[in-house]
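Q: just need the structure, nothing else, for what follows:
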Amino acid sequence: MAESKGAHIVVEIPADDEQHHHQSLIPAIQHHPLAEISQSPGHFLLLKLWQREEDLAGRRTARKESRKDAVGREIFQLCCFFFVFHGLFLTVLFTSSPAGDDDDCRKNWWIPAVLSGCTSLAIVSLVQVKLCRYWKVEQQLQRERAAGRALARCIQELRMKGASFDLGKEPQNGRKMKSSSVEIRWKPLNWLSQYRLIVFLVCFAGLLLPSSRFILCS
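A: From the prediction side, this is the model:
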């Protein structure tokens, strides 16, 4: 029914139609997956447990990421110290190279070479230890991320299926296992890709060992 009041039109909606609209929404809400979960104690408890586990997994991932970044900074600082040391070492050799007897030079050139080699070996060993820790944390981080993704998929599936979700289902990361033959074949290549920094530092230090004789005896 419509009544005209001046320039305004007032439209009255019958109360029966509005009540019928609300009544039609009630079955839809009751059959919503979240409503089914709230009415099922087992599904509701499973959802809460998985949400808590997801929160804990996110915190563990954040801690491991912070630890990984800290180890990476330590490796960078050691590499900087390595190159600074050799830069200063070569500068000192250039400035202190004797211009006297070549026999004394040939007898004593190994002293700075041994000093350079021992220092390089100590720094490279520290870098190796840090790299092992770095890749260990990286592997743990990858496992945590895979488990977190699997858990998030299960939570999403539970929310979509509602009471029809299988309570016996467990999160599966879905990671394909490699065959042993493939792992053996690619293991040296993987090691080389992970520790190529060590290979570079060792080669660099090895090239500098004979430089002591050339600098002092030239």
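Q: which stretches of this structure form strands?
A: Here the chain has its strands, by DSSP state E, at 2-5, 8-11.
Q: flag whichever of the ones you listed has the least confidence on average.
A: Lowest mean pLDDT within these: strand 2-5, at a mean of 43.
Q: in this structure residue 158 contacts residue 43, no?
A: Yes - contact criterion CB atoms under 8 Å: residue 158 and residue 43 qualify, at 6.9 Å. For every residue, glycine as well, the C-beta is placed using N, CA and C.
Q: quick check: neighbours shared by the two?
A: Common neighbours of residue 158 and residue 43 (criterion: CB atoms under 8 Å, 6 or more residues apart in numbering): 37, 165.
Q: and for residue 135, the neighbour number?
A: Residue 135: 16 surrounding residues under other CB atoms under 10 Å.
Q: so how far is residue 144 from the closest residue to it other than its chain neighbours?
A: Excluding its sequence neighbours, the residue lying closest to residue 135 (CB to CB, 6 or more residues apart in numbering) is residue 194, at 5.5 Å. Look at residue 194 and residue 144: by CB to CB, to the nearest Å, they are 19 Å apart.
Q: these two: which is more packed in?
A: Using other CB under 10 Å, the more surrounded residue of residue 194 and residue 144 is residue 144, with 18 against 14.
Q: ok now do the more buried one, which residues does it touch?
A: Shown in contact with residue 144 (CB under 8 Å, 6+ apart): 57, 60, 61, 64.
Q: can I get those residues in JSON lines with neighbour count and pLDDT?
A: Below are the contacts of residue 144 laid out as JSON lines (neighbours: other CB atoms under 10 Å; pLDDT from 0 to 100):
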{"residue": "57", "neighbour count": "18", "pLDDT": "89"}
{"residue": "60", "neighbour count": "15", "pLDDT": "92"}
{"residue": "61", "neighbour count": "17", "pLDDT": "92"}
{"residue": "64", "neighbour count": "18", "pLDDT": "93"}
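Q: so which of those sit within helices?
A: Assignment to helices by DSSP state H places the following of those there: 57, 60, 61, 64.
Q: what's the burial count for the nearest residue to the last one once chain neighbours are set aside?
A: Yep, that's residue 64 we're talking about. The spatial neighbour of residue 64 that comes closest, neighbours along the chain excluded (CB to CB, 6+ apart), is residue 141 at 4.6 Å. Residues within reach of residue 141, counting by other CB under 10 Å, total 17.
Q: with that, I have no additional questions.
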